[in-house]
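*Asks:* below are the sequence and a predicted model for it; my questions follow.
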Amino acid sequence: MHLNYSLMMGLDYNLMMDLTDIELKLEELEAGYKKRYFRKDTKRSWSFKCHCDEKVVSNVADEYFIVSMTRKDPNAISRRFCSKKCADIYIDEQRNVLSVERERIIEERRKVREVYEEAERKFIAIKEKS
């Protein structure tokens with residue numbers, strides 16, 4: 001069995017970077033959770049649609065919640081929510097998605113490590129025979 005070690009190391013590096021990205025997203029998810037208040041001194045009201053499909057209007061509601069995930073794109077718009085409960089639901093959903101992805105990447109890195117260790121054992125065995 002011929003293995004391309006630089007390809008394997010590149011794959012492991014990419015998986016490691018993906019894992020780091022997920023960890024940063026999880027941190028950002030927690031850090032970007034904020035309560036905001038609608039400005040009442042505006043001439044026009046504005047609105048948004050919440051994650052639960054409820055329309056929130058600035059001249060009716062006093063507050064809303066945001067989850068900012070703008071690390072990679074500072075110009076990205078934060079997600080807005082009508083209540084803390086809706087924001088919590090979204091954060092839990094995103095945390096679960098990221099956790100599943102993190103576990104998948106950890107498993108892939110484990111498999112790459114197993115293949116690499118097996119190849120190393122075979123190489124040592126061949127070297128000892130000669």
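*Replies:* Noted; the coordinates are in hand.

*Asks:* could you give the bridge partners of Lys34?
*Replies:* Counting by DSSP bridges, Lys34 forms beta bridges with Ile66.

*Asks:* the lengthiest helix in the chain packs against which elements?
*Replies:* For the chain, the helix reaching the highest residue count under DSSP state H is reported as helix 84-129. Helices and strands touching helix 84-129, by 3 or more C-beta pairs under 8 Å, 6 or more residues apart in numbering; DSSP states H and E, are helix 5-31, strand 33-37, strand 63-67, strand 79-81. (C-beta placed from N, C-alpha, C; glycine too.)

*Asks:* mind doing that once more with 6 Å?
*Replies:* Counting contacts by 3 or more C-beta pairs under 6 Å, 6 or more residues apart in numbering; DSSP states H and E, helix 84-129 packs against helix 5-31, strand 63-67.

*Asks:* quick one, the longest one and helix 84-129 angle?
*Replies:* For helix 5-31 against helix 84-129, the angle by axes from the mean of the first three to the mean of the last three C-alpha atoms, to 10 degrees is 160 degrees.

*Asks:* can you tell me the closest non-neighbouring residue to Ala76?
*Replies:* Thr70 (4.7 Å; C-beta to C-beta, 6 or more residues apart in numbering).

*Asks:* specify the local secondary structure of the one you found.
*Replies:* Recorded secondary structure, Thr70: coil (DSSP: H, G, I helix; E, B strand; the rest coil).

*Asks:* burial count for it?
*Replies:* Counted with other C-beta atoms under 10 Å, the neighbours of Thr70 add up to 12.

*Asks:* over to Thr20?
*Replies:* 11.

*Asks:* distance check, it against Arg102.
*Replies:* When distance is defined by C-beta to C-beta, to the nearest Å, Thr20 is 10 Å away from Arg102.
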